[in-house]
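Asker: sharing a sequence plus its predicted fold:
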Amino acid sequence: MQAQRQTYCIVGAGQSGCELALALRQQGCTGSIVVFGDESHPPYQRPPLSKACLKGELQEASLRLRQPAAYERAAVELVLDTRVARIDRQSKTIVLSDGTERAYAKLGLATGGRPRRLAIADGQRAERAGNFHYLRTIDDVRNIRAHFSPGRRLVIVGGGYVGLEVAASAMACNLSVTVLEALPRVLARVTAPEVSSFYERVHREAGVDLRTAVEVRGFEFGPGDETITAVCCSDGSSIAADLVIVGIGLVPNTELAEQAGLAVDNGIVVDEYARTNDPDIVAAGDCANFPEAITGRRVRLESVPNAVEQARTAAASLVGGQRPHAAVPWFWSDQYDLKLQIAGLSSGYDQVVLRGSPSGRSFAAFYLQEQRLIACDAVNRPQEFMMAKRLLPRGSRIDAALLADESVPLKSFEPPPA
Amino acid sequence: MRLRVVDRDDVEHVVDVPAEGSLMEALRDLEYGVAAICGGMCSCATCHVYVAPEWQERLPESHGDERELLAELQYRRPESRLSCQIALQAELDGLQVTLAPEE
C-alpha cells in the first residue's frame, strides 16, 4: 500500500507563511502543503499599507504577493478566513476555530504579530469608536481610507516608522496631522538622535504638528461614544480629532506556540535553522526569536527581508536540509521624497559617523561599535546602504574620519575582490 | 504578451503574461523567479535581470535610484536592470531577460 502523502501545514498567510509554502515546493517537498490565514485576503504585502495604499495610489490587487495561478502551479492550498485555535503536538494535529482537525507531518508557524494596544483606562472604549484605528491589515486601511479626506484632523499616536509613514501619507492627502510620541524623540528605539532630529525637522517642515515627550491620557467622546472628538495628553492639552491612528509597536502572536508547550521568549524561540524545540515544527518571520548571525544576540525582527529569508531557511529544515539564517538584517521606510534604507542592528553602538549632512535630504549615519561597523541608516543614499550591507558581516575596523569624508570614495572601504 | 526568461540554471522558459504591472511582478510569479523583497520600491535590488541586447534600447532609461543600486551589485553587467522599474506593455511582446544570480 502506498504511504499517504505527508501534509505540511503552515499557520499564517503573511509574507513569511507564503514564502515558506512556495519555498517548500521549490526545495523539492512532495507532500501536500496547506496554508491557513485568518484574514480573508490571499497573501499580500504589508509595507505599502501605510504608504502608497493609504494615499490611494495603489490598488489592493497590486498588493498580492503572487497571482492565484502561482499557488495552483505550486499545488499550495490556501485556507483563508480561518483561525487556528490549537496545536496538539501529541497527535500532530491542528485544531481550527470551528473545531475541524487537520493532521500534520510538519508544521510551520508564521503567525506574525498584531498591533500593540493602547494600554490606558480609556483604551477599550476608544477601540469601539468608529474613528479609532490600528494599522496592520488591508481591512484597517479600508476603514481608515473612509475618513482620509482633505482637512480632516488626524492624530497619530506613536512616532515610530508606522506613525511617521502614516503622517507623510496623510500630509500628501492634505489632512491636518498631529503626531504624539511618548519618548523625548521619534524613532528613539531604533536610530541615533541625529537621525531622529532629521525626521522631526522634515515632518515639521512638511506641516506636521509633532509633539514629543507627550503621552496620551484619554479621549473625549461624541454622543453614544460612537466617535472620538479629542485626544487628551499628559501635558494637559487636548487635541481635536476626526481620526485617530495608533502605531505603538507590534506584539508577536505566540499564544499558539505557548499553549503547545514550545519555548517562547519575546517570540517563538528558534535556532539558526528556524527550528523550534519540536523537531517537526519551525517558525519564521515577525513571530520568531532567533540568534542573529553577526552579533550572536537573540532578536525578533519585524521586517519583510527577514520574514522571507527565514522562511526559506525554515523550508529547508522541513525538507531535511540545512540552510542557516545568516542574512544581514535590513529595513526600509519611505516618507515624503525620502527613501530610508537601514542595514544591520544599531543597538549597542558607541559612535555615530555622518556622511553627508542631515541639514539636506541625503546623508548616511554609520553606527560603529569599537570601531567596527554594525549598522547604517541611509537616507536617499542607496550606495552607502549597499556598501554597509556588504561590509557588515566582515566585522573589520573602519576609520571614522575617512568614512565621514565624502571625498574618500566608498569603494576604498572594501577590500578589493579576491 | 510573451516573455522569454532564462532562469538561473540557464533554462529558457516562454511565458504568457498580462501586459500590465511591472516585469518584476510577472517574474515573481514564476517558481524560478525573482525574490523582489521590497515589492517594487527600488530598495533591495533582488529583482535584478539582464536584458537581451536587442531589447535594451526599447526600454525607458533607468533613473537615479535604480542606477545607484545597480552600480553596487556584485553581478552587475552593462545589460543589468531592476525588473520592478520596467512597466510591461504590449510593445514589449517577446522581451527576453536572464535572471541575475542572487547576491
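Answerer: Here it is on my side, so go on.

Asker: just give the number of residues close to A:S357.
Answerer: A:S357 is flanked by 11 other residues according to other Cβ atoms under 10 Å in any protein chain shown. In this view, the C-beta of every residue, glycine as well, is placed from N, C-alpha and C.

Asker: excluding residues flanking it in the chain, which one is nearest whatever residue of chain A ends up closest to chain B?
Answerer: Chain B sits closest to A:M386 of chain A, with a gap of 3.5 Å, by Cβ to the nearest Cβ. Closest residue in space to A:M386, ignoring its immediate chain neighbours: B:E72 at 3.5 Å, by Cβ to Cβ, 6 or more residues apart in numbering or on different chains.

Asker: repeat for A:S169
Answerer: Take A:S169 and drop its neighbours on the chain: the residue closest to it by Cβ to Cβ, 6+ apart is A:L54, 4.2 Å away.

Asker: ok now do the one you found, which residues does it touch?
Answerer: Residues counted as contacts of A:L54 (Cβ atoms under 8 Å, 6 or more residues apart in numbering or on different chains) are A:L135, A:V141, A:I144, A:R145, A:F148, A:V166, A:S169, A:A170, A:C173.

Asker: are any of those residues buried, and which?
Answerer: A:L135, A:V141, A:I144, A:F148, A:V166, A:S169, A:A170, A:C173 (16 or more other Cβ atoms under 10 Å in any protein chain shown).

Asker: inside helices: which ones of the residues you listed?
Answerer: A:V141, A:I144, A:V166, A:S169, A:A170 (DSSP state H).

Asker: so the last one sits against A:F148, correct?
Answerer: Yes: using Cβ atoms under 8 Å, A:A170 and A:F148 qualify as a contacting pair, with a distance of 7.1 Å.

Asker: tell me the spacing between A:Y199 and A:N289.
Answerer: As judged by Cβ to Cβ, to the nearest Å, A:Y199 and A:N289 stand 28 Å apart.

Asker: quick one, which of the two is more surrounded?
Answerer: Comparing A:Y199 with A:N289 by neighbour count (other Cβ under 10 Å), the higher total belongs to A:Y199, at 26 against 19.

Asker: check the offset of the helix or strand containing that one from the chain's centre.
Answerer: Under the criterion DSSP states H and E, the helix or strand holding A:Y199 is helix A:193-206. The chain centroid and the centroid of helix A:193-206 are separated by 22 Å, computed with Cα atoms, centre = their mean, to the nearest Å.

Asker: next SSE after it?
Answerer: The C-terminal neighbour of helix A:193-206 among helices and strands, as given by DSSP H and E, is strand A:209-211.

Asker: direction included, what does whatever helix or strand comes next after that next one pair up with?
Answerer: Downstream of strand A:209-211, the next assigned helix or strand under DSSP H and E is strand A:216-221. Here strand A:216-221 has these sheet partners by DSSP bridges: strand A:228-233 (antiparallel).

Asker: can you name the next helix or strand after the strand it pairs with?
Answerer: strand A:238-240.

Asker: helices and strands around that next one, which ones?
Answerer: In terms of contacts (3 or more Cβ pairs under 8 Å, 6 or more residues apart in numbering or on different chains; DSSP states H and E), strand A:238-240 is packed against strand A:153-157, strand A:228-233.

Asker: what's across from the closest residue to A:L318 other than its chain neighbours in the sheet?
Answerer: Closest residue in space to A:L318, ignoring its immediate chain neighbours: A:K106 at 4.7 Å, by Cβ to Cβ, 6+ apart. Under the criterion DSSP bridges, A:K106 forms beta bridges with A:Y8.

Asker: who are the contact partners of A:K106?
Answerer: A:K106 touches A:Q6, A:Y8, A:C9, A:G31, A:D280, A:I281, A:V282, A:L318, counting by Cβ under 8 Å, 6+ apart.

Asker: recalculate using a threshold of 6 Å.
Answerer: A:Y8, A:D280, A:L318 (Cβ atoms under 6 Å, 6 or more residues apart in numbering or on different chains).

Asker: again, but for A:I10
Answerer: Applying Cβ under 6 Å, 6+ apart to A:I10 gives the contacts A:G17, A:L20, A:A21, A:V35, A:G108.

Asker: sec struct for it, please.
Answerer: Secondary structure state of A:I10, per DSSP: H, G, I helix; E, B strand; the rest coil, is strand.

Asker: what is the helix or strand of chain B with the lowest mean pLDDT packed up against?
Answerer: In chain B, the helix or strand scored least confidently by mean pLDDT, DSSP states H and E is helix B:64-71, which has a mean of 90. In terms of contacts (3 or more Cβ pairs under 6 Å, 6 or more residues apart in numbering or on different chains; DSSP states H and E), helix B:64-71 is packed against helix A:382-391.

Asker: one more time with 7 Å, if that's ok
Answerer: In this structure, helix B:64-71 makes packing contacts with helix A:382-391, strand B:80-82, judged by 3 or more Cβ pairs under 7 Å, 6 or more residues apart in numbering or on different chains; DSSP states H and E.

Asker: how far off helix A:382-391 does that helix point, in degrees?
Answerer: Relative orientation of helix B:64-71 and helix A:382-391, computed by axes from the mean of the first three to the mean of the last three Cα atoms, to 10 degrees: 30 degrees.

Asker: now the contacts of A:L54 as TSV including pLDDT?
Answerer: Converted to TSV, the contacts of A:L54 look like this (pLDDT from 0 to 100):
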residue	pLDDT
A:L135	97
A:V141	96
A:I144	96
A:R145	95
A:F148	95
A:V166	98
A:S169	97
A:A170	98
A:C173	97
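
Asker: which residue, neighbours along the chain excluded, lies closest to A:V246?
Answerer: A:V157 (4.4 Å).

Asker: in this structure the one you found contacts A:A241, no?
Answerer: No: A:V157 lies out of contact with A:A241 (Cβ atoms under 7 Å); the separation is 10.2 Å.

Asker: neighbours of residue 88, just the number please.
Answerer: You didn't say which chain, so I picked chain A. Neighbours of A:D88 using other Cβ under 10 Å come to 14.

Asker: other chain: chain B
Answerer: Neighbours of B:L88 (other Cβ under 10 Å): 21.

Asker: wait, it touches B:M24, no?
Answerer: No: B:L88 lies out of contact with B:M24 (Cβ under 7 Å); the separation is 9.6 Å.

Asker: before we move on, back to that, now the residue nearest to A:M386: phi and psi?
Answerer: Phi and psi for B:E72, reported as degrees, to the nearest 10, are phi -90, psi 0.
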